[in-house]
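K.L.:
fold the stuff below for me.
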Amino acid sequence: MRLSQPKWSLLIFIATFIVSNLSVADDVKWLVSDWPPYQYQQGNEYLGYSLDTLRVVLKYLPQHQHSFQISNYKRRHSKFKQQDKVCTFGISKSAERQGYMHFSEPAELYFPIQIFMREETYLSLNKPKKVSLETLLANKQGKLAVTPGVVYSDEVDKLITDKRFSDNILINATKSISKNLYKMLLLERIDFIMDWPPEGRYGLNLTNVKGNVISVILKEAAEMSLAYAACPKNKWGRDMINQINLALIDAHRDKDYNKAYAAYLDPYLVGVFKEEFKNRILKEKN
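P.N.:
Purely as a prediction, here's the structure:
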């Protein structure tokens, strides 16, 4: 999709107007969560696939000085309520947050939770592109490990608390989706784990057990989720979001934009993701 000359002229005019009303060397601090492999700090480096994606956006915001800072949930939202000069990236939108945050246009797209299984299990199920958790549990096709306190999806949460399936479900005592679960999966002590694709691949990489694991789309999971950039709900924050929206126009078409996230996906999921990104973010139809 190409923008017409009048539309490009209007965008250039808007960008020039916005920049002229802000300090060219304005400092913007990006608050980062501590959640590998999404966003995290290792030594003096800020890492994670979401930060690699953000860095592509920052290429198109050269008029500002940018820095990162790890911040827990409570401190981060306190800074927004205090209207500090901070922004964050990869955050979901809610009615409560809209009370003290300005949100960008949709910035990122993510798969919902998926089900991880050993390759031999995947082959025995005839290489499915999507599976039903209810069918797997009802047919007793393996043991599922679940973690207390994790919100999977409304349908999944109902299934894992259904007493009919209790014999096929292992409650994870560590109360976190950890590398130990993936080790148990590879050692055939459990057969299924539910996790987000990047977190699952990260957990697998931390184990020292050999074996191939496949992630499959789960029928009962929620649809793909959108994430946004957000800044404080004041004039500075509104102006920053306007600039971020302009930067996203170019960033979304940058060849490096989704590279870090796609690296965590199974190969067959990459095509699915690209099509969804085109339709939901770029809003281009065939």
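
K.L.:
tell me what the helix or strand hosting residue 278 is packed against?
P.N.:
In this structure, residue 278 sits in helix 267-280 according to DSSP states H and E. Helices and strands touching helix 267-280, by 3 or more CB pairs under 8 Å, 6 or more residues apart in numbering; DSSP states H and E, are strand 108-110, strand 213-218, helix 259-262. Where C-beta positions appear, they are placed from N, C-alpha and C, glycine not excepted.

K.L.:
between these, which one is nearest to residue 61?
P.N.:
Nearest to residue 61 among the helices and strands packed on helix 267-280 is strand 108-110 (16.2 Å), distances taken as CB to CB.

K.L.:
so which other helices or strands are in contact with whichever helix or strand comes after the closest one?
P.N.:
Using DSSP H and E, the helix or strand that follows strand 108-110 towards the C-terminus is strand 114-118. With contacts defined as 3+ CB pairs under 8 Å, 6+ apart, strand 114-118 has these neighbours: helix 179-186, strand 192-195, helix 197-205, strand 213-218.

K.L.:
the spatially most central residue of the chain: what's it in contact with?
P.N.:
Centroid-nearest residue in the chain: residue 110, 4.7 Å away (criterion: CA atoms, centre = their mean). Neighbour list for residue 110: 196, 224-227, 261 [criterion: CB atoms under 8 Å, 6 or more residues apart in numbering].

K.L.:
ok, what's across the strand from it?
P.N.:
residue 225 (DSSP bridges).

K.L.:
pLDDT wise, what is it at?
P.N.:
Note on residue 110: pLDDT of 95.

K.L.:
ok, which of the helices and strands packed on helix 267-280 comes nearest residue 131?
P.N.:
Residue 131 sits nearest to strand 213-218 of all the helices and strands packed on helix 267-280, at 5.2 Å, using CB to CB.

K.L.:
what about the strands in the protein?
P.N.:
Assigned strands in the chain, in chain order: 26-32, 40-42, 45-47, 64-70, 86-91, 101-103, 108-110, 114-118, 130-131, 144-146, 169-171, 192-195, 213-218, 225-232 (criterion: DSSP state E).
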